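**Student:** turn this into a model:
(one chain, ligands or ions: 1)
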Amino acid sequence: MDDADTTPVVPDRREWWKEAVVYQIYPRSFNDSDGDGIGDIPGVVEKVDYLDDLGVDCVWLTPVYESPQVDNGYDVSDYRAIDPTYGSMDDWERLLEELHARDIRLIMDLVVNHTSDQHVWFRRSRQGEAEYDDYYIWREAEEGYPNNWEAHFGGPTWTYDEERGEYYLHLFTPEQPDLNWENPRVREEIYDIVSWWLERGIDGFRLDVINLISKAEGLPDGDPDREGLTGSEHFVNGPRMHEYFAELAREGYGDRAGDIVAVGECAHIDPETALDVTGRESDALDMTIFFEHMELDRDDRWDEREWALTDLKAIMARWQDAVAEGAWVPLYHTSHDQPRGLSRFGDPEYRYESATMLATWLHGHRGTPFVYQGEEIGMSNVDFETPASLRDVWARNYWESERDAGAEYADVRADIERFSRDNARTPMQWDGGDHAGFTDGEPWIPVGEDYETVNVAADRESERSVFEYYRELIALRESDDVLVYGDFDLLVPDHEEIYAIHRTLAEADHDLLILCNFGDGTPTFEAPESLDTDDATVVLANREDPAADPAAVELRPYEAAIYRLF
Ligand code: GLC
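**Tutor:** Okay, here's the model as predicted:
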């Protein structure tokens, strides 16, 4: 990554993680090596060359720690052990070695807002053992719950524990009790875990819901009329958050602070807070995962909402402004918590065109692209014909509460198929064979119905390979600083079909023009007069015969192209 001799000086500080493309692996659904139907670490090791071919620079592995798997590993019962479902610590070490041997870095998920209720700390705390007494947030209640806060996956944030005779707080499921960060001993335990993993040679963390760790003093009732979860004004970006972040960086990262990357998943984050947590107020985070574009097409989680391309542009442009001011961001359209971006922002009927267009669009912004497994072959949302096919605790809770209120599955099926997190959690489609080549056993979640045509083997043999396009796009980033560090300028901001970006870097000998058609129409892009397109060259396009001069171009459905302007 040291190309300082040949490339111009850039205005932002050079960082490996700004130049990287991150690949997110949800190991449960990636590749199963032992036939139990659940993906595992040796399965990831088998695919390291695949990642290397794609050209990614860093892998983010979602949790593989010991866990009862109520929330697929986001309920950790031992932070220093690998869950036997996923393999052993030796397997994990082998993975790290194999990745590093290919210059691919590894970041681990750090889930420390809460633990599993099976963690030894919680077991001791619920028994009232003095040392662990206030490791979690316990309250008594005379009547009803200690307050009116709402949990993320539905229901109250409080569960009564018979053993202790008190309620405990959980912002997610009852099996995920929140840690009490007010307790300095809890914080020390967490920093030890952080250092322990860093000593093992990893390259950073993705920090799960990290801006929820500080709760308002006295845990007051939330305003039920406010938008969003009741109580969130008292648990999002809480009063001691920056203090904890500073301490985490000092005590946890220690002397690795400068070379690792810390990607903060920050619930309900806005650009101003993103600036605060990436350096203005505290600097434990290098970038923050934002969600505004993920909320574009829905109201209140399960209800669909109409959206316009201009809304998406406005959101992205606002975040690009924050990046310009110093708040770096991941660029993503799919994750293990979101439906498939191809189904939301593109069109699976135009799989090649829209998958590659969306890739071009995302990578065209300033930030670090995160590719979610399967995105690079154009995987899309799947059918969930019956409630029995649902796996995600959130979707199941939703269906069960609707059912209890008198609904039939047919009434909610469309919502679930549109938004369920299970959409992105179906097995990676490796080939057209049994279970898409994911497992020799029975997969823990049904395979997407299109696996015979949409799979890695078929895609890589195709003339119109999504994988190949991603490979070229990723390689382009490696060779062109304008894509990484260039200023972002949104062209034709009011156009309802065309998303056009101009990237400029004063020190470079060229600009970049990125053109994306977000629909199946054939709109014409008219370059603003200020843009000099005379010596344009196409560097990447998802059609064979892109226009040579982008001054005025009629775009094909879901067309995308990147031009160098000299
Ligand atoms: C994050 C994770 C999600 C998990 C939740 C609770 O949002 O990405 O998968 O359910 O935190 O840990």
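**Student:** which residue sits closest to the spatially most central residue of the chain, ignoring its sequence neighbours?
**Tutor:** For the chain, the residue nearest the mean C-alpha position is Ser335 (4.4 Å; CA atoms, centre = their mean). Using CB to CB, 6 or more residues apart in numbering and skipping residues adjacent in sequence, the residue nearest Ser335 is Tyr372, 5.4 Å away. Every residue, glycine included, has its C-beta placed from N, CA and C.
**Student:** next, count neighbours for the one you found.
**Tutor:** Tyr372: 23 surrounding residues under other CB atoms under 10 Å.
**Student:** please name the residues that touch the residue in the chain that the ligand sits nearest to.
**Tutor:** The ligand sits closest to Tyr74 of the chain, with a gap of 3.4 Å, by CB to the nearest ligand atom. By CB atoms under 8 Å, 6 or more residues apart in numbering, the residues touching Tyr74 are Thr62, Pro63, Ser67, Asp109, Val111, Phe172, Gln176, Asp208.
**Student:** read off the pLDDT value for it.
**Tutor:** Note for Tyr74: predicted pLDDT of 98.
**Student:** ditto for Glu507
**Tutor:** 89.
**Student:** and it, what element?
**Tutor:** Assigned by DSSP states H and E, Glu507 belongs to neither a helix nor a strand.
**Student:** now it: phi and psi?
**Tutor:** Main-chain torsions, Glu507, degrees, to the nearest 10: phi -80, psi -10.
**Student:** the residue of the chain closest to the ligand in helix, strand or coil?
**Tutor:** With DSSP: H, G, I helix; E, B strand; the rest coil as the basis, the three-state label of Tyr74 is coil.
**Student:** angles on the backbone of it, please.
**Tutor:** Main-chain dihedrals, Tyr74, degrees, to the nearest 10: phi -80, psi 20.
**Student:** do the same with the one 4 residues further on
**Tutor:** For Asp78, the backbone dihedrals (degrees, to the nearest 10) come out as phi -150, psi 120.
**Student:** can you check Trp121 too?
**Tutor:** Dihedral angles of Trp121 (phi, psi; degrees, to the nearest 10) stand at phi -60, psi -40.
**Student:** same check, this time on Tyr160
**Tutor:** Per degrees, to the nearest 10, the backbone of Tyr160 is at phi -80, psi 130.
**Student:** skipping adjacent residues, who's closest to it in space?
**Tutor:** Nearest one to Tyr160, counting by CB to CB, 6+ apart, is Tyr167 at 5.2 Å.
**Student:** and the helix or strand hosting that neighbour, how far from the chain's centre?
**Tutor:** Element membership of Tyr167 [criterion: DSSP H and E] is strand 166-169. Centre-to-centre, strand 166-169 and its host chain are 30 Å apart (CA atoms, centre = their mean, to the nearest Å).
**Student:** could you say what helices and strands that strand packs with?
**Tutor:** In terms of contacts (3 or more CB pairs under 8 Å, 6 or more residues apart in numbering; DSSP states H and E), strand 166-169 is packed against strand 138-139, strand 158-161.
**Student:** what lines up beside it in the sheet?
**Tutor:** Strand 166-169 has its sheet partners listed here by DSSP bridges as strand 138-139 (antiparallel), strand 158-161 (antiparallel).
**Student:** now Leu513: which helix or strand?
**Tutor:** Judged by DSSP H and E, Leu513 forms part of strand 511-517.
**Student:** what's the burial count for Glu98?
**Tutor:** Residues contacting Glu98 under the criterion other CB under 10 Å number 19.
**Student:** Asp103 now?
**Tutor:** 10.
**Student:** what do you get for Ala552?
**Tutor:** Ala552 is flanked by 11 other residues according to other CB under 10 Å.
**Student:** which strand residues bridge it?
**Tutor:** Applying DSSP bridges, one finds that Ala552 bridges with Glu526.
**Student:** show me where the stretch 351-500 of the chain has helices.
**Tutor:** 351-363, 393-404, 409-419, 456-461, 466-479, 481-485 (DSSP state H, counting those that start in this stretch).
**Student:** so for Trp158, which of those helices sits nearest?
**Tutor:** Shortest distance between Trp158 and the helices of the stretch 351-500 of the chain, using CB to CB, is found for helix 393-404: 16.0 Å.
**Student:** what lies in contact with the closest one?
**Tutor:** 70-71, 152-155, 173, 301-302, 384, 387, 390, 409, 411-412, 415-416, 420-422.
**Student:** show the pLDDT at Ala4.
**Tutor:** 43.
**Student:** tell me how the protein divides into domains.
**Tutor:** Listed by automatic domain parsing, the domain ranges of the chain are 3-113+184-380+450-466, 120-169, 487-565.
**Student:** may I see those organised as CSV, with distance to Ala475 added?
**Tutor:** Listed next are those as CSV, based on distance: least, CB to CB, whole Å:
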stretch, distance to Ala475
domain 3-113+184-380+450-466, 6
domain 120-169, 39
domain 487-565, 9
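**Student:** phi and psi next, for the residue sitting furthest away from the middle of the chain.
**Tutor:** Of all residues in the chain, Glu142 has its C-alpha farthest from the mean position, at 40.4 Å, by CA atoms, centre = their mean. In terms of degrees, to the nearest 10, the main-chain angles of Glu142 are phi -70, psi -50.
**Student:** how about the residues of the stretch 301-450 of the chain near the ligand?
**Tutor:** Applying CB under 6 Å from any ligand atom, we find that the stretch 301-450 of the chain lies next to the ligand at His336, Asp337.
**Student:** ok, which stretches of the stretch 201-350 of the chain are strands?
**Tutor:** Per DSSP state E, counting those that start in this stretch, the stretch 201-350 of the chain carries strands over the ranges 204-207, 261-265, 287-289, 298-299, 303-304, 330-331.
**Student:** worst mean pLDDT among those?
**Tutor:** strand 298-299 (a mean of 88).
**Student:** can you lay out the strands paired with strand 166-169 as JSON lines showing distance to Leu312 and mean pLDDT?
**Tutor:** Listed next are the strands paired with strand 166-169 as JSON lines, based on distance: least, CB to CB, whole Å; pLDDT from 0 to 100:
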{"stretch": "strand 138-139", "distance to Leu312": "42", "mean pLDDT": "98"}
{"stretch": "strand 158-161", "distance to Leu312": "37", "mean pLDDT": "98"}
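**Student:** for those, give me a markdown table that also has distance to the ligand.
**Tutor:** Shown next, in a markdown table, are the strands paired with strand 166-169 (distance: least, CB to the nearest ligand atom, whole Å):
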| stretch | distance to the ligand |
| --- | --- |
| strand 138-139 | 20 |
| strand 158-161 | 16 |
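**Student:** so can I have a markdown table of the ones you listed showing mean neighbour count?
**Tutor:** Formatted as a markdown table, the strands paired with strand 166-169 follow (neighbours: other CB atoms under 10 Å):
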| stretch | mean neighbour count |
| --- | --- |
| strand 138-139 | 17 |
| strand 158-161 | 18 |
